[in-house]
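Peer 1: Quick one: sequence and predicted model below, then my questions.
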Amino acid sequence: MTLQNFTLVLGGAASGKSDYAESLVLKAARAPVYIATAQAFDHEMTEKIARHRAARGAGWRTVEAPLDPGSALSGLRAGEIALIDCATLWLSNLILAEADLAAAEAGLIAAIEACAVPVVVVSNEVGAGIVPDNALARRFRAAQGGLNRRLAARADRVVAVMAGLPLALKGELP
């Protein structure tokens, strides 16, 4: 299977987007590197991270990069493939850290474009729901929508996943 250099996988919560992205990475016949952006702030998230790690199995190398997944890309070696899961948690981390979102986003996109190995990025589509009732949630929704648009503009392939089913939005399904 050939994998284009940058694939963006979008979907709603629990849509199957991470499972689909993981399957793309594993079909690439390269050493998979999982760049994790989640932070375990509570017991529920600690358990979720442990379940996901166990489900992936021992064949994956995991790099924890909750605030700077782009820097993890620079350490990848020939023969590897990266899965950043996910841009949504990364963006949440940045907002909570009161980081410069524009600079962080530009850095991530530059790192993806400079990466010597294929990169798959998972991100949530959050614009299909109701208008949030508070300013922080509205700010997040606007930032996530903008991030997704800018990632999609740079991606070689964009796949939307709904109910576990992939749909090519840009490029073709492998």
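Peer 2: Thanks, I have the structure now.
Peer 1: tell me which residues in the longest helix belonging to the chain are buried?
Peer 2: When the chain is parsed with DSSP state H, its longest helix is helix 135-154. For helix 135-154, the neighbour count (16 or more other Cβ atoms under 10 Å) marks Phe140, Ala143, Gln144, Leu147, Asn148, Leu151, Ala152 as buried. C-beta here means a position set from N, CA and C on the backbone, and glycine is covered the same way.
Peer 1: The protein: helices as residue ranges?
Peer 2: Using DSSP H, helices in the chain cover 17-27, 43-56, 69-73, 87-96, 101-114, 135-154.
Peer 1: Out of those helices, the one nearest Val9 is which?
Peer 2: Among the helices of the chain, the nearest to Val9 by Cβ to Cβ is helix 17-27 (4.4 Å).
Peer 1: Run through the neighbouring helices and strands of that closest one.
Peer 2: strand 6-11, strand 31-36, strand 80-85, strand 119-124, strand 157-162 (3 or more Cβ pairs under 8 Å, 6 or more residues apart in numbering; DSSP states H and E).
Peer 1: Export those strands as TSV, with columns for distance to Glu64 and mean pLDDT.
Peer 2: Output for the helices and strands packed on helix 17-27, formatted as TSV (distance: least, Cβ to Cβ, whole Å; pLDDT from 0 to 100):
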stretch	distance to Glu64	mean pLDDT
strand 6-11	20	98
strand 31-36	5	97
strand 80-85	12	97
strand 119-124	16	98
strand 157-162	24	98
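Peer 1: can you redo those strands as CSV with mean neighbour count and distance to Ile109?
Peer 2: Shown next, in CSV, are the helices and strands packed on helix 17-27 (neighbours: other Cβ atoms under 10 Å; distance: least, Cβ to Cβ, whole Å):
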stretch, mean neighbour count, distance to Ile109
strand 6-11, 25, 9
strand 31-36, 21, 15
strand 80-85, 24, 12
strand 119-124, 25, 10
strand 157-162, 20, 14
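Peer 1: Ranking helices and strands of this protein by mean pLDDT, which lands last?
Peer 2: Least confident helix or strand of the chain, by mean pLDDT, DSSP states H and E, is helix 43-56 with a mean of 90.
Peer 1: centre of the chain versus it, how much separation?
Peer 2: 17 Å (Cα atoms, centre = their mean, to the nearest Å).
Peer 1: Can you point out the buried residues in it?
Peer 2: Ile49, His52, Arg56.
Peer 1: just stretch 75-94 next, same as before
Peer 2: Buried-residue list, stretch 75-94, by 16+ other Cβ under 10 Å: 76, 80-94.
Peer 1: on that earlier part again, closest one to Val122 among the helices of the chain?
Peer 2: helix 17-27 (4.9 Å).
Peer 1: Other residues contacting that closest one?
Peer 2: 1, 3, 7, 9-11, 32, 52, 56, 81, 83, 85-86, 120, 122, 124, 159, 161, 164, 166, 174 (Cβ atoms under 8 Å, 6 or more residues apart in numbering).
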